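1. sequence? don't have it. structure:
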């Protein structure tokens, strides 16, 4: 399950109509999604809606590992973002 940041409430699974790694919902996979996640995690920015959009590595958490995974995918030829919880 996906969890709310700092809370013990699971997020509800949902159906994605756009790209999972599209954290900022602009229908593109790019640096903007990385910046969006950095702002959410480290600057108190708004969360991805649904938060599962930010769970790029499918470990049921939105954290620094998702940012690193997304950077590797976008700029280093890393693996595709995952679907569901690992």
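-> Noted; the coordinates are in hand. Worth saying up front: this structure is predicted, and the values here are computed from it rather than measured.
2. Would you state the predicted confidence (pLDDT) at residue 9?
-> We note a pLDDT of 50 for residue 9 in this prediction.
3. what's the burial count for residue 26?
-> 13 (other Cβ atoms under 10 Å). The C-beta positions use only the backbone N, C-alpha and C, and glycine is treated the same way.
4. This structure: strands as residue ranges?
-> Remark: strands assigned in the chain by DSSP state E are 2-3, 10-11.
5. the bottom helix or strand of this structure by mean pLDDT?
-> Every helix and strand of the chain was ranked by mean pLDDT, DSSP states H and E. The lowest is strand 2-3, at a mean of 48.
6. How about the contacts made by the residue lying closest to residue 30 once chain neighbours are set aside?
-> Leaving aside its sequence neighbours, residue 30 sits nearest to residue 74 (Cβ to Cβ, 6 or more residues apart in numbering; 6.9 Å). Under the criterion of Cβ atoms under 8 Å, 6 or more residues apart in numbering, the neighbours of residue 74 are 29-31, 34.
7. Against residue 67, how distant is the residue lying closest to residue 24 once chain neighbours are set aside?
-> With sequence-adjacent residues excluded and distances taken as Cβ to Cβ, 6+ apart, residue 24 is closest to residue 36, at 4.0 Å. According to Cβ to Cβ, to the nearest Å, residue 36 and residue 67 sit 10 Å apart.
8. and what of residue 81?
-> As judged by Cβ to Cβ, residue 81 and residue 67 stand 12 Å apart.
9. For the chain, just list every one of the helices.
-> 31-43, 64-76 (DSSP state H).
10. With distance to residue 53 and mean pLDDT as extra columns, can I get those in CSV?
-> Shown next, in CSV, are the helices of the chain (distance: least, Cβ to Cβ, whole Å; pLDDT from 0 to 100):
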stretch, distance to residue 53, mean pLDDT
helix 31-43, 9, 98
helix 64-76, 10, 97
